[in-house]
Structures are given as structure tokens and as C-alpha cells.
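> just coords:
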């Protein structure tokens, strides 16, 4: 790791972040005093059992939820201090999301699904269709451009979802159990694709699979809303240190 890498501003910084919510009369502490930094590029896996707080952590990074206490800073923006309009722009431009259940629009083709976030971002039609086509070709989906989700396999749908997530070239890609609904072979392909994307931008993956977590550049373990790692900083990785 060189000096430039070690002093780079983190893409993600959580400072003493807590998240609690009411479940009936009970107060549930989903996260308790989490502090964490994640650097530019590379894949970070957040691993832990169900109910450990890992998905809550991801949602806070993506501005889909806000902390009860502490600050969440992503790409220089303090997410919990943004207005609703600013949050919408943040989620559209800074973060790409990949979900376990794909969340593709069922009546749109693969090409149209990937182009959709660029339309919301004001990209002209010709440019967004060109970029969507190139992304799907890159992900070995050229024969599926005109197929709708019901005509695709689970692995193909997730690759379309990943192409959609990076369509607006976000600094951060968040993937919540992206292989949870896939067979082992399809899951491996998806995970390798996320590793490839992590050479260009920061990727944070939530998983309960220790086997898949070990393929990441950094693993952060969480249990009962608290980080278990002695070191809480996921440092940027020099190019030579990242997996090919």
C-alpha cells in the first residue's frame, strides 16, 4: 500500500452510529455505537448471522434509513443531514443498489431496466441505451437485451440488476445478500462480477456466507449491532493487493 492509498479520504465513514426502533413496546437496538471507514475501491464484506444488524448498516450507508445517533458520511456527504430532495439525488448519483430479490421492473426488458436509472438522472435516450447495451454485453448478456425478467434465469436477473446498479457510475455499490436466491454456480458468477466491479469503485456486500465473505478484500463481522473486528477501518487497497 502506498502513501497515497493510506491517506486517501474514505468513501464511507460512520462515526459512533446507532440505530434503534420500536417493536411494539420493545426498543430494539439494531446498531450500537458503530464507527467504521471504508476506502476507495475494493470489496468489503459485512458478515454476521440473521438479526445482527448487517442489513441495517447497509441501509444507513445507502441513505435508505437514517441513524438514531451519530453521522453517516458517504463520498463527502453527511447522509443524515440531507433533505429529502438531496437524499433522492444522493441515492440516484452516488450509490448503486443490488438486492437479493433483484427488484427488476417486470414489464421492462433487460435493456430498459438498465437504462431506467439513467433516464431519472437526465441522460439522453441514445446515450443511456448505448451505455446499457455495453454493460449488458460486458456481463455476457448480449443475447438477453430484449428479454423481460420472467424470461431470464435467477443468475441472469442478478447480472441485469448489477448492470443497473452501476449504470450511473456511482462511487459506492451496496449489495444485500446478492447470491441468497441463487444456486451455487450462479452465485459464484455474481460474486466474481462484483469483484470485477470493485476494481473500479467501492463495493460493500452483506452476506451470511463465510465462504463468500472470504473472497472479499476485507471482512467486517457484526453481531448484536456491534462490530467484532479489532480494527474498524477497511483501508483502501493498492492495485497490486486487490484480487485479479
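Good, I have the coordinates. What you see is a predicted model; the values in this text were computed from it and never measured.
> Correct me if wrong: residue 116 contacts residue 105.
Yes - applying CB atoms under 8 Å as the test, residue 116 and residue 105 come out as touching, 6.7 Å apart. Glycine gets a C-beta too; all of them are placed from N, C-alpha and C.
> more neighbours, the two?
Ranked by neighbour count (other CB atoms under 10 Å), residue 116 and residue 105 place residue 116 first, with 17 against 12.
> Quick check, pLDDT for the most centrally placed residue in the chain.
The chain has residue 174 as the residue nearest its centroid, 0.7 Å off, counting by CA atoms, centre = their mean. At residue 174, the pLDDT value in this model is 98.
> Sketch out the low-pLDDT regions of this structure for me.
Residues of the chain meeting the criterion pLDDT under 70: 1-8, 229-244.
> any idea where the strands of this protein begin and end?
Secondary structure of the chain (DSSP state E): strands at 12-23, 26-38, 42-47, 69-74, 77-78, 95-99, 172-176, 202-207, 218-223, 226-227, 233-234.
> which one of the ones you listed is the most hemmed in?
Highest mean neighbour count of the strands of the chain: strand 202-207, a mean of 27 (counted as mean count of other CB atoms under 10 Å).
> For residue 207, which residues are in contact?
45-47, 177, 179, 213 (CB atoms under 8 Å, 6 or more residues apart in numbering).
> Apologies, that question was intended for residue 54.
The neighbours of residue 54, taking CB under 8 Å, 6+ apart as the test, are 46-48, 206, 222.
> and the residues you listed, which two are the farthest apart?
Farthest-apart pair in those is 206 and 222; separation 9.3 Å (CB to CB).
> circling back to that earlier point, hey, what's the residue nearest to the centre of the chain bridged with?
For residue 174, the beta-bridge partners are residue 97, residue 204 (DSSP bridges).
> measure it to residue 97 for me?
Per CB to CB, to the nearest Å, residue 174 is found 6 Å from residue 97.
> Okay then, goodbye and thanks.
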